[in-house]
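**Q** Could you look at this predicted model? Sequence included:
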Amino acid sequence: MDKPYALLAELTYACPLHCPYCSNPLALDDYRDELTTDEWQRVFAEAADLGVLQVHLSGGEPLQRHDIVDLVPCANKLGIYTNLITSGLGFSTRRAEQLRDAGLDHVQVSIQADERDLSDQIAGTASFERKHEVARLVKQLGWPLTLNVVLHRQNIDRIGAILDMAAVMEADRIELANTQYYGWAGRNRAELLPSRDQLERAETVVRAARGRLGDRMEIIYVIPDYYSQYPKPCMDGWARRQFTVVPNGEALPCPAAHELARGLRLPSTNVREHPLEWIWAESPLFKQFRGDEWMPDPCRSGDRREIDFGGCRCQAFALTGDAARTDPVCHLSPDHELVEAAVTAANDPTRPRDGVMIPRPNPGRTRSQIPLEVRR
Amino acid sequence: MPSTRPMARIDDSMRPRLARHVRMRFDAARGQYALLSPETVWVLNDTGVAIVELCDARHTIAEIQSELRSRYDQVADGDVRRFVADLVTKHGMEIDHG
């Protein structure tokens, strides 16, 4: 069994943004009993012992946890590489300086589009201007700037302008990741899934931009798996390289596995009840799809089982209700028509133009990690 | 769409250094050195560690190559250049221009 390299620490599901492409679970209220500062620090220490080298601090919006300035130095002292994945809201100058002094290694800032109105509309809140200020602050304080833009039907035609904006912002890296249909994004799929024409145009633009900007900006483009022949090598294999701990302490082999884990009715993998070492090595949930014993045909007999590991268990569960089936994205899957139907609908010339998307709500936080600040 | 980029062109007079967001540490759990960046972990062998330590924006590739030759038996022509080019291509190392 491999040791995990990376931990995705979802500190809270509170978030001031309302992006309809959010992959957080629909049952956001179930995760409000958040781990305390001490509990997270214990998780980091156990993770470092297990072999974890990188921690991605995410959410929700991780800066909603004011104790982030205590969590980063803890991970840093353990030698762990720390990566903050933020919307930028809550990244004040003071907080940013504290995080830099605490040894935060890297910051990734999300932005929703290249225009204020569209970006704010997707985010469901005025945030575009603030994100630009945050991007400048990140560079001023000496971090490289990584921008993350989730692509979907409503913004993918802007990809050229998005890349130009990133160049003006002097981004060092930009991740253009097509939406993955989990959680709220799954709910909003019909309005998010782009057409084949949109994707082809986007790929042409990305190719040209790599030629133009490639030596000063790393451009990462993640294709949408709905349009590929084979599934993505999800998580590089179940419980093989990385895992996630969600706000209430449940450990998951994949950041989208909340409902799948509950559906299997296996023993708890909450870090409040078990050491991480047991969860990683022994828990039935982590062992469930590790390796290739579990694989059905065509995965088991195919020559790609070491390439895509049978695809995404969470996608199989979300689309078929059975996590052990072949990822329906695969053209060899017996359930592939489920994906084909969504693709056909996305390319139907008679489909209505602008449907309604459900914004991802903000569950807020029940537990305050710091004493009330008294203002004078 | 393949995400491969053309290999970076590196010549022996260049003075490479680690990219700002990349750092090297000993990975005690696995007993090896690793280069860490937000999305990637590069596992290093002894020669790799020696090269990274010499990539300080002062040594040229040629100097690193000859330093390595003095320490190890099996260092082939172009080893350092290939190692650096691979990391520059993947944005793990940078060359300061100007």
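**A** Structure's in. What do you need? Because the structure is predicted, anything quoted here is derived from the model rather than measured.

**Q** touching chain A at all, stretch B:52-62?
**A** No: looking at stretch B:52-62 against chain A by CB under 8 Å from any CB of the partner chain, there are no contacts, and the closest approach is 15.3 Å. Any C-beta I mention is one placed from the backbone N, CA and C, and that applies to glycine too.

**Q** Quick check: nearest residue in space to the residue of chain B found nearest chain A, chain neighbours excluded?
**A** Per CB to the nearest CB, B:A29 is where chain B lies closest to chain A, at 3.6 Å. Excluding its sequence neighbours, the residue lying closest to B:A29 (CB to CB, 6 or more residues apart in numbering or on different chains) is A:G51, at 3.6 Å.

**Q** Near the one you found, how many residues? Count them for me, please.
**A** Counted with other CB atoms under 10 Å in any protein chain shown, residues neighbouring A:G51 total 16.

**Q** shouldn't it be in contact with A:K3?
**A** Yes: between A:G51 and A:K3 a contact is recorded at 3.2 Å, counting by CB atoms under 8 Å.

**Q** count of neighbours near A:I122?
**A** 24.

**Q** now it, nearest residue through space, not along the chain?
**A** A:I122 sits nearest to A:Q112 (CB to CB, 6+ apart), 4.0 Å away.

**Q** Next one, pLDDT for the one you found please.
**A** Looking at A:Q112, its pLDDT stands at 97.

**Q** how about it, secondary structure?
**A** Here A:Q112 is recorded as coil under DSSP: H, G, I helix; E, B strand; the rest coil.

**Q** what's around the closest residue to A:C234 other than its chain neighbours, how many residues?
**A** With CB to CB, 6+ apart as the criterion, A:C234 has its nearest non-adjacent residue at 3.8 Å, and that residue is A:C312. Using other CB under 10 Å, A:C312 is surrounded by 27 other residues.

**Q** Around chain A, pick out the residues from chain B.
**A** Near chain A, when you scan chain B using CB under 8 Å from any CB, you find B:1, B:3, B:5, B:19-21, B:23, B:25, B:27, B:29-30, B:34, B:36-38, B:41, B:91.

**Q** Buried ones among those?
**A** Buried members of the residues of chain B next to chain A, counted by 16 or more other CB atoms under 10 Å in any protein chain shown: B:19, B:21, B:27, B:34, B:36-38, B:91.

**Q** Could you work out the most separated pair of these?
**A** Farthest-apart pair in those is B:D27 and B:H91; separation 20.9 Å (CB to CB).

**Q** where along the stretch 151-300 of chain A do the helices fall?
**A** A:159-168, A:183-187, A:189-192, A:196-213, A:258-264, A:276-281, A:284-288 (DSSP state H, counting those that start in this stretch).

**Q** Mind putting those into JSON lines with mean neighbour count?
**A** Below are the helices of the stretch 151-300 of chain A laid out as JSON lines (neighbours: other CB atoms under 10 Å in any protein chain shown):
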{"stretch": "helix A:159-168", "mean neighbour count": "19"}
{"stretch": "helix A:183-187", "mean neighbour count": "21"}
{"stretch": "helix A:189-192", "mean neighbour count": "20"}
{"stretch": "helix A:196-213", "mean neighbour count": "16"}
{"stretch": "helix A:258-264", "mean neighbour count": "18"}
{"stretch": "helix A:276-281", "mean neighbour count": "19"}
{"stretch": "helix A:284-288", "mean neighbour count": "18"}
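
**Q** which parts of the helix or strand of chain A with the lowest mean pLDDT are buried?
**A** Within chain A, no helix or strand scores below helix A:305-308, which has a mean of 78 by mean pLDDT, DSSP states H and E. By neighbour count on 16+ other CB under 10 Å, the buried set for helix A:305-308 is A:305, A:308.

**Q** Local confidence estimate at the nearest residue to A:R290 once chain neighbours are set aside?
**A** Nearest residue to A:R290, sequence neighbours excluded (CB to CB, 6+ apart): A:A239, at 4.8 Å. With respect to pLDDT, A:A239 scores 90.

**Q** okay but A:H106 is in contact with B:P38, surely?
**A** Yes: look at A:H106 against B:P38 with CB under 8 Å: they come within range, at 4.6 Å.

**Q** list residues touching both of the two?
**A** Overlap of the contact sets of A:H106 and B:P38 (by CB atoms under 8 Å, 6 or more residues apart in numbering or on different chains) consists of A:81, A:83, A:146, B:21.

**Q** Which members of those are positioned in strands?
**A** A:81, A:83, A:146 (DSSP state E).

**Q** one step back: how near is the residue of chain B closest to chain A to A:A48?
**A** Distance, B:A29 to A:A48, using CB to CB, to the nearest Å: 8 Å.

**Q** my read is A:R95 is in a strand, agree?
**A** No: assessed with three-state DSSP, A:R95 is helix; it does not lie in a strand.

**Q** Run through the residues that contact it.
**A** Counted by CB under 8 Å, 6+ apart, A:R95 has contacts A:63, A:68-69.

**Q** Name the nearest of those residues relative to A:K232.
**A** For these, the nearest to A:K232 is A:L63 (28.9 Å; CB to CB).

**Q** Kindly list the main-chain dihedrals of that closest one?
**A** phi -70, psi -10 (degrees, to the nearest 10).

**Q** Just give the nearest non-adjacent residue to it, would you?
**A** A:L63 sits nearest to A:G90 (CB to CB, 6+ apart), 3.2 Å away.

**Q** Locate that neighbour within the secondary structure: which element?
**A** Counting by DSSP states H and E, no helix or strand carries A:G90.

**Q** and it, how many residues sit next to it?
**A** Neighbours of A:G90 using other CB under 10 Å come to 19.

**Q** Same check on B:R82?
**A** B:R82, neighbours per other CB under 10 Å, totals 13.
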